[in-house]
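1. What follows is a protein structure lacking sequence information:
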């Protein structure tokens, strides 16, 4: 397992280099000037000084190499649009809120989705199964921005239950955004657990365990659920990365001061350094989430651990 983890960590280096290169090339293809704030053209001398200050007068390959050096030394550079702020400052101030939102939404999805899928599988073709699958189908089909709008209308306006519709300071202000972002993953986990548990319950080793006289709770908890969670763990890594990196719409709706607003603004303003820095950060999150999933996968299924090491 140690060799596998080290090998995966080494492989993150070329993946990051490729992500940086692709983002670098695409940003350079977008026409515009990050220093131009109005229709008035910037004087040529001032433009030349700004290009020299931010290294934009260098050839593209020199700019790429310099940026890669900065990434591996922990310096993501200054913002070209937000004067006096660096990309590191923006990440340090705003990324923890996006990370907390994605993490809470993931916990919401796991804590509710897995039990819902287990109940649906154990009560297959009964009222609890139909109710659970109806709820999960609705949660999976309705987009998050519509869920957020409905939550704001009913819980904050119509019923006035005391849940704020903006900010990220109190636990009350976190309830609606977490539900809005975590509802679709919760429904996905419920459907996935139900399907895998129904398949696992038909396996020969489950029949053997029941024939030996093992208690039903042990059969379900130790043999059935553990093997049914392997596909769930496999899907959890990319899903966790998506929740952390894909919460931009929810942040906009609930006015959460995360990095989503800065990412969108940086793209439209051609703020190359901010776009590059946030892209690298989000790529690292997805890579590490997948690595954690692979490690957990090895513990759940020792056969894969032996094959990978």
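-> Alright, I've got the coordinates. Everything numeric in this text was worked out from a predicted model, so none of it was measured. Numbers count the residues shown, from 1 in each chain.

2. average pLDDT for the lengthiest helix in the chain?
-> Ranked by residue count, the top helix of the chain under DSSP state H comes out as helix 87-122. Averaged over helix 87-122, pLDDT sits at 88.

3. In contact with residue 12, which residues are there?
-> 284, 287 (C-beta atoms under 8 Å, 6 or more residues apart in numbering). C-beta: built from backbone N, CA, C; applies to glycine.

4. State the pLDDT value of it.
-> Confidence score, pLDDT, at residue 12: 78.

5. which SS state does it fall under?
-> Three-state call for residue 12 (DSSP: H, G, I helix; E, B strand; the rest coil): helix.

6. Can you tell me which helices and strands the longest helix of the chain packs against?
-> Counting contacts by 3 or more C-beta pairs under 8 Å, 6 or more residues apart in numbering; DSSP states H and E, helix 87-122 packs against helix 127-141, helix 171-200, helix 225-245, helix 248-253, helix 260-268, helix 272-300.

7. try it again with 7 Å
-> With contacts taken as 3 or more C-beta pairs under 7 Å, 6 or more residues apart in numbering; DSSP states H and E, helix 87-122 sits against helix 127-141, helix 171-200, helix 225-245, helix 260-268, helix 272-300.

8. show me where pLDDT drops low in the stretch 201-309 of the chain?
-> In the predicted model, the stretch 201-309 of the chain carries pLDDT under 70 at residues 216, 221-223, 246, 297-309.

9. List the buried residues for stretch 147-165?
-> Of the residues in stretch 147-165, those with enough neighbours to count as buried (16 or more other C-beta atoms under 10 Å) are 147-148, 151-152, 155-156, 163-165.

10. Flag whichever of those scores worst on pLDDT.
-> Lowest pLDDT among the buried residues of stretch 147-165: residue 156, 80.

11. OK, contacts around the nearest residue to that residue once chain neighbours are set aside?
-> Spatially, and ignoring its direct neighbours in sequence, residue 156 is nearest to residue 165 (4.8 Å; C-beta to C-beta, 6 or more residues apart in numbering). Residue 165 is in contact with 152, 156, 254, counting by C-beta atoms under 7 Å, 6 or more residues apart in numbering.

12. Please report how far the first one lies from residue 139.
-> Right, the one you point to is residue 152. From residue 152 across to residue 139, the span is 17 Å (C-beta to C-beta, to the nearest Å).

13. what do you get for the second one?
-> Counting by C-beta to C-beta, the gap from residue 156 to residue 139 is 20 Å.

14. Need phi/psi at the residue nearest to residue 156.
-> phi -100, psi 10 (degrees, to the nearest 10).

15. Numbering from 4 from now on, please.
-> Okay, residue one is now 4; in that scheme the one you just asked about reads as residue 168.

16. So residue 53 versus residue 70, what's the distance?
-> Remark: distance between residue 53 and residue 70 (C-beta to C-beta) = 17 Å.

17. These two: which has the busier surroundings?
-> Comparing residue 53 with residue 70 by neighbour count (other C-beta atoms under 10 Å), the higher total belongs to residue 70, at 23 against 16.

18. any idea which element that one lies in?
-> In the assignment (DSSP states H and E), residue 70 maps to helix 63-75.

19. Can you give the distance of that helix from its chain's centre?
-> Helix 63-75 sits 26 Å away from the centroid of its parent chain (C-alpha atoms, centre = their mean, to the nearest Å).

20. Identify the residue spatially nearest to residue 50, adjacent ones excluded.
-> residue 38 (6.9 Å).

21. Isn't the one you found up against residue 53?
-> Yes: the criterion here is C-beta atoms under 7 Å, and residue 38 meets it with residue 53 at 5.0 Å.

22. check contacts around residue 242.
-> Residue 242 makes contacts with residue 188, as judged by C-beta under 7 Å, 6+ apart.

23. ok, it to residue 154 distance?
-> Counting by C-beta to C-beta, the gap between residue 242 and residue 154 amounts to 21 Å.

24. With residue 270 instead?
-> In terms of C-beta to C-beta, residue 270 sits 28 Å off from residue 154.

25. what's the answer for residue 196, then?
-> 25 Å.

26. what's the answer for residue 262, then?
-> Taking C-beta to C-beta as the measure, residue 262 falls 22 Å from residue 154.

27. What of residue 128?
-> From residue 128 to residue 154 the distance is 32 Å (C-beta to C-beta).
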